[in-house]
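Q: One predicted model, sequence on top.
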Amino acid sequence: MRVWGAAALRGAGELVLNVVTGLAALLLVAGLAVCAVLVPVGVRGPFERVRRVAGDLAGFQAERVLGAARRVSGRRELVWLVVHAVAGPAPVVVLWAMVAALDYVFLRMRPAETSVWNTFALSVATVAIAVVVVLAVPVLRRGQALPVRYLLAGLGPRERIRELAASRAAVVDARAAELRRIERDLHDGAQAKLVAIRMQLGLARGARDVEEVRAMIDEAREVAGEALAELRDLVRGIHPPVLADRGLAGAIEASALLCPMPVEVDIDLPGRPQPPVESAVYFAAAEALTNVAKHSGASRAWVRLRYGGGVLRLVVGDDGRGGVRRDAGGGVRGIADRLSVFDGSLVVSSPEGGPTVLTMEVPCVLS
Amino acid sequence: MRVVIAEDLALLRDGLVRLLSAHGFTVAEAVDNEPMLLAALLRHRPDVAVIDVRLPPGFTDEGLRAALEVRRRVPGLPVLILSQYVEQLYARELLADRGGGVGYLLKDRVGDVERFVDAVRQVAAGGTAMDPEVVSQLLTRRDRQGPLTALTPREREVLALMAEGLSNLAIAARLGVSDKAVGKHTNNIFAKLGLPPSDDHNRRVMAVLAYLQAVPR
């Protein structure tokens, strides 16, 4: 009995909390509607800000209801916000109506004819309504959890399979294209240059004139230098040596040093992720920094890398002109593809006029 | 001049021994792994050490770590790091103790024998020899603050060559100007970077260091 009472009490508490968050959602929906008007005029800042708060609210609800970090954002989040703005306060209205009915039946109703049967019927009705009120609490709670489960809980098994198949296909394609590129680079580059060097040395062996021999050797040496430079670039693109040497912290710091603007690097990791994850996160960071250097016009940038709750979180920001679109293709799209292989996510916040913040998350374990 | 060599590939190790011996160096010991390198450096205290950055047992940056470690124990012991690739991060770590006598070159540079031997001598004498690749990476930066903004393009050019370990005479030859003009540039550079008068070697090291740390993190 006490257990049941505690559960009912907790259920009521949740309902009250849902009312509060529901009203908050209502305010946010109104806020988004107002700020959305400004977006076509080029003022994206307020909209983005309200949107972020809405995201936080969705995260809070998902955490409460599902007990897990949410992996969905975007349109479904907005739909949930609208639904919750209605569904959150709704139970209060329902319960209020029931209690009002109870009150009416129990206290105010004066039957025209007081018979034993009438009194009995009214008593039964009163008890029935009271029971319905109490039982309604968990039902309403479960009802309120449904939109969270359907809209915020991420993907169902079927969608998940589709997503995995797509990301695997993308990986296989990318891998194959990468191998083709490496093969071509080696074939047209270092390999061809080694052939040229052998040829030069063969010619030099047969030459008579000392000056001629010297010129041929010089040329061979120069070509060898070019071949080395090409191999170096190739190796760096496959797996940067500094990543093997120093892990993520050193490698990201090294690429920050290559940026034309000052980059503040703040990395605190209690261990190292698995090599494939490490490589993906490194290339994501390097790509993000390259984008900053090439397109943002920023005067400074910053990188922050943290690990918590089984998730590696990389944030790259700059004070540039903003306007980075996730779906615009190119670098940002590449980052998303790279991370999707490891179930990672990328959130882009880049209002016109800046600042741009890319938040990348990859679930992983550190060793 | 006594030299210790650390290189794990026998072909390159033998090549380095032959190359340096042919140019008047005495090879005290040539080793192929990090523990032996540390022991050799502490035993021989050579005039200069030529070290491959990647050595057994870990095949990461043991050579660099050993160099930094030995310079902690024997301050100023000249080391020249050879590598298949250059990282500014490593260049900065090497220069961080401000002791001078450090070099950081791509392995390719060994192909240009005269310049490579010059660089080894420069490092042995307490100077610096940074790879042109390290220097050119720096040139791509658009510095918006820091002391380097005060330098003229010509002075930057001179500073870049200084970082590669070139003497004033060599810089003059490279730029096709007089030795005296280069001397004037270097004095301007020292003044603009706020380096107090001291021996020339030390100031050159400090200038290069200022150059490498031009952009605050």
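A: Done, it's in.
Q: In chain B, where is pLDDT below threshold?
A: B:138-147, B:199-201, B:212-217 (pLDDT under 70).
Q: Going along the chain, name the helices of it.
A: Along chain B, counting by DSSP state H, helices occupy B:10-22, B:34-44, B:62-73, B:88-95, B:113-124, B:132-139, B:153-163, B:168-175, B:179-192, B:200-212.
Q: got a list of what residue B:195 touches?
A: Contacts here follow C-beta atoms under 8 Å, 6 or more residues apart in numbering or on different chains; on that basis residue B:195 touches B:203, B:206, B:207, B:210. C-beta here means a position set from N, CA and C on the backbone, and glycine is covered the same way.
Q: Which residues lie in contact with the first one in this structure?
A: To tie it back to what came earlier, the one meant is residue B:203. Neighbours of residue B:203 in contact, by C-beta under 8 Å, 6+ apart: B:190, B:195, B:197.
Q: Pick out whichever of these sits closest to residue A:304.
A: residue B:195 (34.9 Å; C-beta to C-beta).
Q: Tell me which residue is most central in chain A.
A: Nearest to the mean C-alpha position of chain A, by C-alpha atoms, centre = their mean, lies residue A:345 at 3.4 Å.
Q: name the element the closest residue to it other than its chain neighbours belongs to?
A: Nearest-residue entry for residue A:345: residue A:361, 5.1 Å, with adjacent residues in sequence omitted and distances by C-beta to C-beta, 6 or more residues apart in numbering or on different chains. Assessed by DSSP states H and E, residue A:361 sits inside strand A:356-363.
Q: For that strand, give me every contacting residue.
A: Contacts for strand A:356-363 (C-beta under 8 Å, 6+ apart): A:273, A:277, A:280-281, A:284, A:288, A:292, A:296, A:298, A:310-318, A:320, A:322, A:324, A:332, A:335, A:339, A:342-350.
Q: Give me the buried subset of the contacts of residue B:195.
A: Buried members of the contacts of residue B:195, scored by 16 or more other C-beta atoms under 10 Å in any protein chain shown, are B:203, B:206, B:207, B:210.
Q: ok, of those, which one's closest to residue A:139?
A: Among the buried ones among the contacts of residue B:195, residue B:210 lies closest to residue A:139 (C-beta to C-beta), at 72.4 Å.
Q: gap between that closest one and chain A?
A: 15 Å (C-beta to the nearest C-beta, to the nearest Å).
Q: ok, for that residue, nearest residue in space, not its chain neighbours?
A: residue B:193 (4.9 Å).
Q: next one: phi and psi at the one you found?
A: phi -90, psi 0 (degrees, to the nearest 10).
Q: That one against residue B:209, yeah?
A: No: using C-beta atoms under 8 Å, residue B:193 is not in contact with residue B:209; the gap is 9.6 Å.
Q: so what secondary structure elements neighbour the helix or strand where residue A:55 lies?
A: For residue A:55, the host element (DSSP H and E) is helix A:45-66. In terms of contacts (3 or more C-beta pairs under 8 Å, 6 or more residues apart in numbering or on different chains; DSSP states H and E), helix A:45-66 is packed against helix A:2-38, helix A:75-87.
Q: Could I get those helices in a markdown table, plus columns for mean neighbour count?
A: Converted to a markdown table, the helices and strands packed on helix A:45-66 look like this (neighbours: other C-beta atoms under 10 Å in any protein chain shown):
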| stretch | mean neighbour count |
| --- | --- |
| helix A:2-38 | 15 |
| helix A:75-87 | 18 |
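Q: Which among those helices is found nearest to chain B?
A: helix A:2-38 (32.4 Å; C-beta to the nearest C-beta).
Q: Next, the angle helix A:45-66 makes with that closest one.
A: Interaxial angle of helix A:2-38 relative to helix A:45-66 (axes from the mean of the first three to the mean of the last three C-alpha atoms, to 10 degrees): 160 degrees.
Q: now helix A:2-38, how far from the centre of its chain.
A: Relative to its parent chain, helix A:2-38 has a centroid offset of 25 Å by C-alpha atoms, centre = their mean, to the nearest Å.
Q: and that helix, what other elements does it pack with?
A: Using 3+ C-beta pairs under 8 Å, 6+ apart: helix A:2-38 touches helix A:45-66, helix A:75-87, helix A:90-103, helix A:116-147.
Q: Test of understanding: give the bridge partners of the residue sitting nearest the centre point of chain B.
A: Centroid-nearest residue in chain B: residue B:103, 1.9 Å away (criterion: C-alpha atoms, centre = their mean). In this entry, residue B:103 is beta-bridged to residue B:80, residue B:129, by DSSP bridges.
Q: so who does it touch?
A: By C-beta under 8 Å, 6+ apart, the residues touching residue B:103 are B:78, B:79, B:80, B:81, B:119, B:120, B:122, B:123, B:128, B:129, B:130, B:165.
Q: how deep is the residue nearest to the second one when sequence neighbours are not counted tucked in, by neighbour count?
A: If you skip the residues right next to it in sequence, residue B:79 has residue B:67 as its closest partner in space, 4.3 Å away by C-beta to C-beta, 6+ apart. As a burial measure, residue B:67 scores 28 neighbours (other C-beta atoms under 10 Å in any protein chain shown).
Q: Thanks a lot, catch you later.
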